[in-house]
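S.K.: need a 3D model of the following:
(2 chains)
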Amino acid sequence: AQKVTQAQTEISVVEKEDVTLDCVYETRDTTYYLFWYKQPPSGELVFLIRRNSFDEQNEISGRYSWNFQKSTSSFNFTITASQVVDSAVYFCALPPQRGDTGRRALTFGSGTRLQVQP
Amino acid sequence: DTGVSQDPRHKITKRGQNVTFRCDPISEHNRLYWYRQTLGQGPEFLTYFQNEAQLEKSRLLSDRFSAERPKGSFSTLEIQRTEQGDSAMYLCASSLARRTGDTSTDTQYFGPGTRLTVL
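M.R.: Down below sits the predicted model:
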């Protein structure tokens, strides 16, 4: 079965620090997508990025960047110059493996709680 | 706002009562998912619809749980004879199918959730 591991349960940083959230996954598929979601205190899961395993180039969106390394099965997320509004729980997720006929939904990691102190 | 909406946002009930939650997906989305999330955990899959057909149910979905999507638009999740262990956040997500039968490429968009507390 596939698996997503977010080993960092909680991270606390001071505003303007850079922070990296780790995600390691296991899948039988050779091509696949990976996702990151943000869950602020309000509870809604906010989609951040979908990444195809074909593309190992780093993705950058403003202060956010993602580093995908297929060789180590990792898809890490970095926030540059963190802000208090970045405080949330961040989840990495993997779609179902092809051929898993009984499995249609995302597999989520357990999440990393990020606290950004002013 | 054209995102996924859920109602109610919060529900407090006594053990043994029935509760029903509603989810309205993004209007053009044909797939709808229900997840349950407990404190400190990631969302866990409950069930999934393609249009009005319920195509998969998790083992987490006991006989007390039932979900419907009668016209392929909004969905309801009912829990009968609630137990304290049902206390959780219930999340709904929707997606637009890119390939028939293959959900591995879908981007799921989530609603704000319904937080259930069973006393």
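
S.K.: got any ranges where chain A has weak pLDDT?
M.R.: Scanning chain A for pLDDT under 70 picks out A:99-104.

S.K.: same check, this time on chain B
M.R.: Those would be B:1, B:98-104, if you go by pLDDT under 70 across chain B.

S.K.: and the residue of chain A nearest chain B?
M.R.: The minimum distance from chain A to chain B, using C-beta to the nearest C-beta, falls at A:F108 (3.1 Å). In short, each C-beta sits where N, CA and C put it, glycine included.

S.K.: surely that residue meets A:V4?
M.R.: Yes: with contacts counted by C-beta atoms under 8 Å, A:F108 reaches A:V4, the gap being 6.3 Å.

S.K.: what is in contact with these two at once?
M.R.: Shared contacts of A:F108 and A:V4, defined by C-beta atoms under 8 Å, 6 or more residues apart in numbering or on different chains, are found at A:92-93, B:42.

S.K.: verify the stated contact: A:R98 with A:Y33.
M.R.: No: using C-beta under 8 Å, A:R98 is not in contact with A:Y33; the gap is 11.4 Å.

S.K.: can you find the residue of chain B that comes nearest to chain A?
M.R.: B:G42 (3.1 Å).

S.K.: ok, that residue to A:R113 distance?
M.R.: 12 Å (C-beta to C-beta, to the nearest Å).

S.K.: check A:S65 too.
M.R.: Separation of A:S65 from A:R113 (C-beta to C-beta): 20 Å.

S.K.: tell me which element residue 89 falls in.
M.R.: In the absence of a named chain, chain A is used. According to DSSP states H and E, A:V89 maps onto strand A:88-94.

S.K.: that answer is for a different chain, and I need it for chain B
M.R.: strand B:88-95.

S.K.: strands paired with that strand, and their directions?
M.R.: Using DSSP bridges, strand B:88-95 pairs in its sheet with strand B:31-37 (antiparallel), strand B:109-110 (antiparallel), strand B:114-118 (antiparallel).

S.K.: can you list those in JSON lines and add distance to B:C92 and mean neighbour count?
M.R.: Shown next, in JSON lines, are those (distance: least, C-beta to C-beta, whole Å; neighbours: other C-beta atoms under 10 Å in any protein chain shown):
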{"stretch": "strand B:31-37", "distance to B:C92": "6", "mean neighbour count": "24"}
{"stretch": "strand B:109-110", "distance to B:C92": "7", "mean neighbour count": "21"}
{"stretch": "strand B:114-118", "distance to B:C92": "8", "mean neighbour count": "18"}
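
S.K.: out of A:R98 and A:Y33, which sits in the busier spot?
M.R.: With neighbours defined as other C-beta atoms under 10 Å in any protein chain shown, A:R98 and A:Y33 compare such that A:Y33 has more, 19 against 14.
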